[in-house]
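Asks: how would this look folded up:
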Amino acid sequence: MTLYRIFCRTVSSLGLTLFAAGVLSSSSLCAELEPAIDHPDQNLIAKAKLEALEERFGKKPNILIFVVDDMGYGDPGIYGGGAIVGAPTPNMDRIGHDGLMLTSCYSQPTCSPSRATLMTGRLPIRHGIYRPPMYGEPGGLEGEITAASILQDHGYRTQLVGKWHLGEREDQQPHNCGYDDFFGFLAVSNMYTEWRDKHFNPELYYDEDLTNLITRGWTQHLAHGVKGEALKEIKEIDIDVLAELDQEFAEYSENFIRKMADADEPFYLVHACSKVHFDSYPSEKFAGKSPAKHPYKDGIIEIDDVLGRLVKVLEETGQAENTLVFVTSDNGPQEEIWPDSGVTPFRFGKGTTCEGGVRVPGIVYWPGMIEAGRVSDGLFDFADLFTTSLALAGATEDIPEDRYIDGIDQTSFLLAGDAKESNRRAIYYWIMDDLSAVRIGSYKYYRKIFQVNDGYGGVMGGMEGSLATLPYGQLYNLHLDPKEMKPMLARKTWMAPILTPLIGQHFQTLVRFPPKSAIVTIN
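Replies: Here you go, the predicted structure:
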């Protein structure tokens, strides 16, 4: 028996068949794509379903990506939250039960890196947005190609509603990065409020010079952008305006969906909520309406209501069966600002590469295309939304070949019903410009790990912790130890020949396509 066969047999017996197929016999459309696991039977099922759908509707499918800001894995009821944590989520629960619930869906540790990865199909080390740009700092997707821009070229109507937070330079605004239309704000919620709130930040509120310093060089307005036109500022975002923004966003997206019902072209809509990012200022309609009677929880029930409204319009206009709906969060909950933060059953939160920071809800709803009641622990990365969206649009031939694309086409995984297997072999956990960890199957190996204890018994949170290099690494089995409390590398040394080539292959892509940085690191 050859060494190759012995290795495959060993890996298969340990529940890592998917990894063995990925590393030793993976496929990609070209040398610049992350290798995917090939499932021929799944591919045939998905292809047949999509062909029948296009024949029925006469156009490619619509895509709606609904992104909540800082919602925890444990906030939606279908993920163990809901009423038990003081904020029922009947709409998320309904479409989750009527569709696919992903239990291993991964974002980046913070919001801007996640959003850039979603739009470009590339990890932060490649697109350069290592962390969120704040108060006029440069950011931007310069040199990047977004899914929206490719879909535009394939006849899609592209719309972004809500939060951008990828840079404010004119050429890097959303309507100049592939979106036909943009209605929202360019920064992040707390940038509009923390210098206005005398209770949270009195030292800032009462210091006019300091306030003037941090409010220079960026717009504090709700804005509207149209492709080929200059951005128009609508109104200044103060605390009262911010509280009601998600209601305005909901109405804008509802009107867009209604308008597209009679259109010949399909649509690509990214609805990016302002909530539930701190500081939480609930809409008057929802203030005090959650069982918890707390602003964050009021925000959760508001966002759930907004999702329900958009799905209802899809259903009323006859577009639901031709629309992929993907509901997620841009990262885990931010622990530093508790109790103004969400819930996760995992270790730590936003800003870390621990599961609590990057493992997020992933609800996929598509009546008639995705069978109801599916639950899968197959690996899914935000980068996959880029490649999958282009595959649904029949636009994969336009995926750029002059750069490395980390996204995997997960169309067959989503559409193949009981024959479901993720097409992704691994998750790579980057933080700033460091590869912290990698997951294959149920195993997660850390090269560098977060330390968030302040030395006095308190937990500071991921945004204020440190990253420690591990001489030998740490290994966790996420099925047996989802809270990552019991490292087991000493008992699993046989993982070394599995992990070494995987990490080596990943670093080789950075030799061929060197990293870039669009925003400087603080340190």
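Asks: sec struct for residue 403, please.
Replies: Secondary structure, DSSP: H, G, I helix; E, B strand; the rest coil: residue 403 is coil.
Asks: and it, what does it touch?
Replies: Contact analysis of residue 403 by Cβ atoms under 8 Å, 6 or more residues apart in numbering lists 32, 122, 126, 513. The C-beta positions use only the backbone N, C-alpha and C, and glycine is treated the same way.
Asks: export the residues you listed to JSON lines and append columns for pLDDT.
Replies: Compiled in JSON lines, the contacts of residue 403 are given as follows (pLDDT from 0 to 100):
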{"residue": "32", "pLDDT": "87"}
{"residue": "122", "pLDDT": "98"}
{"residue": "126", "pLDDT": "96"}
{"residue": "513", "pLDDT": "94"}
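Asks: ranking by neighbours, what's the top pick from these?
Replies: Counting neighbours by other Cβ atoms under 10 Å, residue 122 comes out on top of the contacts of residue 403 with 26 neighbours.
Asks: quick check: phi and psi at the spatially closest residue to that residue that is not a sequence neighbour.
Replies: Computed as Cβ to Cβ, 6 or more residues apart in numbering, the closest residue to residue 122 that is not its neighbour in sequence is residue 406, at 5.5 Å. The phi/psi pair for residue 406 (degrees, to the nearest 10) reads phi -90, psi -20.
Asks: ok, residue 168 next?
Replies: Dihedral pair for residue 168: phi -120, psi -10, per degrees, to the nearest 10.
Asks: can you count the residues close to it?
Replies: 21.
Asks: before we move on, the earlier item: keep only those of the contacts of residue 403 that are in helices.
Replies: Members of the contacts of residue 403 lying in helices (criterion: DSSP state H): residue 126.
Asks: about what we covered before: could you check how far the residue nearest to residue 122 is from residue 376?
Replies: 20 Å (Cβ to Cβ, to the nearest Å).
Asks: and those two? Which one has more around it.
Replies: The neighbour comparison of residue 406 against residue 376 (other Cβ under 10 Å) goes to residue 406, with 26 against 19.
Asks: close enough to count as contact, that one and residue 124?
Replies: No. Residue 406 lies out of contact with residue 124 (Cβ atoms under 8 Å); the separation is 10.0 Å.
Asks: which residues do those two both contact?
Replies: Joint contacts of residue 406 and residue 124 (Cβ under 8 Å, 6+ apart) are residue 117.
Asks: may I have the strands that pair with the one helix or strand residue 362 maps to, each with its orientation?
Replies: Using DSSP states H and E, residue 362 falls within strand 359-365. Paired neighbours of strand 359-365 in the sheet (DSSP bridges): strand 100-106 (antiparallel), strand 323-329 (antiparallel).
Asks: where does pLDDT dip in the stretch 351-500 of the chain?
Replies: 419, 452-465 (pLDDT under 70).
Asks: can you pull out the helices in it?
Replies: 355-358, 383-392, 411-415, 496-512 (DSSP state H, counting those that start in this stretch).
Asks: can you tell me which of those is most buried?
Replies: helix 355-358 (a mean of 30; mean count of other Cβ atoms under 10 Å).
Asks: how about residues contacting that one?
Replies: Residues contacting helix 355-358 (Cβ under 8 Å, 6+ apart): 72-73, 106-109, 331-333, 344, 346-352, 429, 444, 450, 462, 478, 482-484.
Asks: so which residues make contact with stretch 41-61?
Replies: 154-156, 264-266, 321-324, 368-369, 392-394, 411-417, 419-421.
Asks: that one: which residues count as buried?
Replies: Using 16 or more other Cβ atoms under 10 Å as the burial criterion, the residues of stretch 41-61 that qualify are 42, 43, 45, 46, 49, 50, 53, 57, 59, 60, 61.
Asks: so what's the third one scoring on pLDDT?
Replies: Each residue has a pLDDT score; the one for residue 45 is 94.
Asks: export only the CA atoms of the one helix or strand it maps to, formatted as CSV.
Replies: Assigning secondary structure by DSSP H and E places residue 45 in helix 40-57. Once non-C-alpha atoms are left out, helix 40-57 reads as follows in CSV (Å, rounded to 0.1, in the frame of the first residue of the first chain):
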residue,chain,number,x,y,z
PRO,A,40,-19.7,15.8,-8.8
ASP,A,41,-23.2,14.5,-7.7
GLN,A,42,-23.9,17.7,-5.8
ASN,A,43,-22.8,19.8,-8.8
LEU,A,44,-25.3,18.0,-11.1
ILE,A,45,-28.2,18.5,-8.6
ALA,A,46,-27.4,22.2,-8.2
LYS,A,47,-27.0,22.7,-12.0
ALA,A,48,-30.3,21.1,-12.8
LYS,A,49,-32.2,23.1,-10.2
LEU,A,50,-30.7,26.4,-11.4
GLU,A,51,-31.4,25.7,-15.0
ALA,A,52,-35.1,24.9,-14.2
LEU,A,53,-35.3,28.0,-12.1
GLU,A,54,-34.0,30.3,-14.9
GLU,A,55,-36.4,28.7,-17.4
ARG,A,56,-39.3,29.4,-15.0
PHE,A,57,-38.4,33.1,-14.2
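Asks: cool, thanks, talk later.
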